[in-house]
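Novice: below are the sequence and a predicted model; questions follow.
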Amino acid sequence: MKGERAEREGPIRILHVDDEKNQLEFTKLFLEEIDKEVVIDSVSDPDEAVRLASRNDYDCIVSDYKMLSMSGVELAQRVREMSRVPFILYTGQGSEEVAQSAFEAGVDDYLKKEPEPSHYQVLAKRVRQNVEKYRAEQLYRKVVDESRDGIIILTGTSIAFANEAATRMMCSGEESLVGCSILDCVIDSEKELLAKLEATEKKKGEAPFFEVQFRTGAGAIRVAEVLSTSIGYLGRKAHLCFFRDVTQRKRMEERLEVLHQQAARLGSLTGLQVIASATLDIMAGVFGYQTLSFHVVEDGHLRTLGVRGAPLLGLSLSMDGPGITVKAAREKHSILVSDVRGVKDYFKGSTDARSELAVPVLLEGYAAAVLNVESLEPDDFTEDDRRLLETLSYHVAYAMSRERGYKLEPGPEQVKAVRLDYALGRLDDAERVDAMVQGELKGSLRSIKNASGMLRDQPEMLPDLVTSIDRDAEHASKVADRIRETVMASIVDGSLTEINSAVRSVLEGLSVPRNIRLRTSLSEEALVSEAPREQVARLLENLVRNAVEAMPEGGTLEVKVTPRQGLARVEVKDTGPGIPPHAMDRLFQPFNTTKQGRSGLGLAYVKRTVEANGGSVEVKTSEKGTTMTVNIPVKRLEKE
């Protein structure tokens, strides 16, 4: 056989072997008439059949049993040395002994010849069934064998099957995983691994993923994301597991998180030289390449403010001249050069760099600065490195905007919308606050006044009344605080807020129960809003606290920040039971709550704060959980 076939549309090619010429002619005539997709090569010599089978891709071989030079069973054995192509023994000399020896030789089907022409219908059907089954198996085998993910079937902790990708991930040389224990490959203990596998069976409506650390054949420790599902395998309960090596992605996420944490302090710095020095510190910690530099665009030239790993030459390069750094500033996009040799734009500095990455810092559509990294080795930068340096450039742009006197300005239509929302919201809040003051707040104060009067007449009741006074005073204080939150939600000060930093600070400051798994995904770019940081932090605290309270039995809390068409989109998702339909209409109304001891102002505060800053709030809920999304405008940087 030339090779194992996978999926192929079109004709079904059959090799028919029989030493009776009439049988060959009749079979070809009837089968090609019954099934128009069938094409038959007929041969009477079994040795010639072996040669043809080795040179051609047949979909099925049909052979007589009793032939002079070789039996059909012997022919099947020869074919099985080359291929798993379907083999049908089609004979008039049938018996149980012949059938048994045929199946032992690897024959797929056994059919006894009959004199009636209608019997060819049966043969044609058997051929198509075997071919379709074979093609499906080949396609499945191709998918499994060519998958870049490791595929493993576990019975308990024993590996019953492993594809080539899994073997490459966890073995060295020609070793096989089959028959080994998965515990020899992963870092988890047996108890931990089985717990993770069992947990995937209980997840309804969620992708049953978990992470493990595993050892490669060379002994390195890497991270895999595992998708597991329960199956039956050879009559036993088993787990079908897909292992995806996510080590590179995890490292990228860790570097990105470190970069965000370190870059958050850039916004508080003053002075371009200070900003440049702090930026180079971050670049040194995240990248670690030989030469790092920070350049600023001034009067049509690129001036170097700082260098690490090489002497500061003090050059001033014309924006019309050569240089990868100059080109990045001029064309306003990042440039990655894997090998600078032969690149006409390359300008040699103080080192013999072989690869270079330059990323511009853009303010209002023009390049204000350029971040540059160089290496003595060719092909030393990846697209991940480009993404990281671009992310850092967003933070630098934010810091430089503050230093150079930029501010965030809303458009006129947005101003009108904010003012209208403000007026309507304030009217609604005034009515609600008035009702609260007249009712709950005055009730608490009246109780305190009554207790005070009783104490004047009967001082001996102090021990009995002091608890009541404390309780009412505490309640009045909380109500007053929450009223103040709602009333003050529309007062927007002039400070700027980086949304990723605000989200990170809130999550670090809140105590999330141990039975709740926290997942975060922050934006790679800095998202700067005019909304005051205190307000953003408070609305995020309310959303996160609501999500946690929706999962008293535990679950998953996911907080995600993404940029979208001039907005910072912050999603807070829980896996609680969802919000009842009857509660949706009043969800954001102040003082609407079903929770004991709560004022019901949390979500009202969220909505009023977001809308006062020109944003919007979205809610999606089902029995599988709730997603609260706030869309906060991020303004373009404009010069004063």
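Specialist: Great, that's in hand. Residues are numbered from 1 along each chain as shown.
Novice: low pLDDT regions in the stretch 251-400 of the chain?
Specialist: Applying pLDDT under 70 to the stretch 251-400 of the chain flags the ranges 288-289, 350.
Novice: where do the strands sit along it?
Specialist: 291-298, 301-308, 316-318, 335-337, 355-363, 366-375 (DSSP state E, counting those that start in this stretch).
Novice: reformat those as CSV; add distance to residue 54 and mean neighbour count.
Specialist: The way it works is simple: take the backbone N, C-alpha and C, and place the C-beta from them, glycine included. Formatted as CSV, the strands of the stretch 251-400 of the chain follow (distance: least, Cβ to Cβ, whole Å; neighbours: other Cβ atoms under 10 Å):
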stretch, distance to residue 54, mean neighbour count
strand 291-298, 60, 22
strand 301-308, 65, 19
strand 316-318, 67, 14
strand 335-337, 50, 19
strand 355-363, 50, 25
strand 366-375, 52, 24
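Novice: of the ones you listed, which is nearest residue 556?
Specialist: With Cβ to Cβ as the measure, strand 355-363 is the member of the strands of the stretch 251-400 of the chain nearest residue 556 (35.1 Å).
Novice: could you list the low-pLDDT ranges of the stretch 401-550 of the chain?
Specialist: For the stretch 401-550 of the chain, the stretches with pLDDT under 70 are 404-468, 470-472, 474-475, 477-495.
Novice: return the strand ranked longest in the chain as PDB; C-alpha atoms alone will do.
Specialist: Counting by DSSP state E, the longest strand found in the chain is strand 221-233. Taking only C-alpha atoms (Å, rounded to 0.1, in the frame of the first residue of the first chain), the coordinates of strand 221-233 have been written out as PDB:
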ATOM      1  CA  ILE A 221       8.400  21.400  34.400                       C
ATOM      2  CA  ARG A 222       5.700  22.900  32.200                       C
ATOM      3  CA  VAL A 223       2.000  23.800  32.600                       C
ATOM      4  CA  ALA A 224      -0.900  22.100  30.800                       C
ATOM      5  CA  GLU A 225      -4.600  23.000  30.600                       C
ATOM      6  CA  VAL A 226      -6.600  19.800  30.700                       C
ATOM      7  CA  LEU A 227     -10.100  19.300  29.300                       C
ATOM      8  CA  SER A 228     -11.600  16.100  30.700                       C
ATOM      9  CA  THR A 229     -14.800  14.200  30.100                       C
ATOM     10  CA  SER A 230     -16.000  10.800  31.300                       C
ATOM     11  CA  ILE A 231     -16.300   8.000  28.800                       C
ATOM     12  CA  GLY A 232     -16.700   4.200  28.700                       C
ATOM     13  CA  TYR A 233     -13.500   2.400  27.500                       C
END
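Novice: wait, which of the strands of the stretch 251-400 of the chain is closest to residue 118?
Specialist: Residue 118 sits nearest to strand 335-337 of all the strands of the stretch 251-400 of the chain, at 70.3 Å, using Cβ to Cβ.
Novice: ok so, going back, what strands flank the longest strand of the chain, and is each parallel or antiparallel?
Specialist: Strand 221-233 has its sheet partners listed here by DSSP bridges as strand 209-215 (antiparallel), strand 236-245 (antiparallel).
Novice: which element is residue 560 on?
Specialist: Using DSSP states H and E, residue 560 maps to strand 555-564.
Novice: report the buried residues of that strand.
Specialist: Within strand 555-564, the residues that qualify as buried are 555, 556, 557, 558, 559, 560, 561, 562, 563, counting by 16 or more other Cβ atoms under 10 Å.
Novice: and if you look at stretch 209-219?
Specialist: Going by neighbour count (16+ other Cβ under 10 Å), the buried part of stretch 209-219 is 210, 212, 214, 216.
Novice: ok, of the residues you listed, which one's closest to residue 532?
Specialist: Relative to residue 532, the closest of the buried residues of stretch 209-219 is residue 210; by Cβ to Cβ it sits at 39.9 Å.
Novice: distance check, the closest one against residue 195.
Specialist: Residue 210 sits 9 Å away from residue 195, going by Cβ to Cβ, to the nearest Å.
Novice: same question, residue 32
Specialist: Residue 32 sits 59 Å away from residue 195, going by Cβ to Cβ.
Novice: neighbour-wise, which of those two wins?
Specialist: Under the neighbour definition other Cβ atoms under 10 Å, residue 32 and residue 195 were set side by side, and residue 32 has more, 15 against 12.
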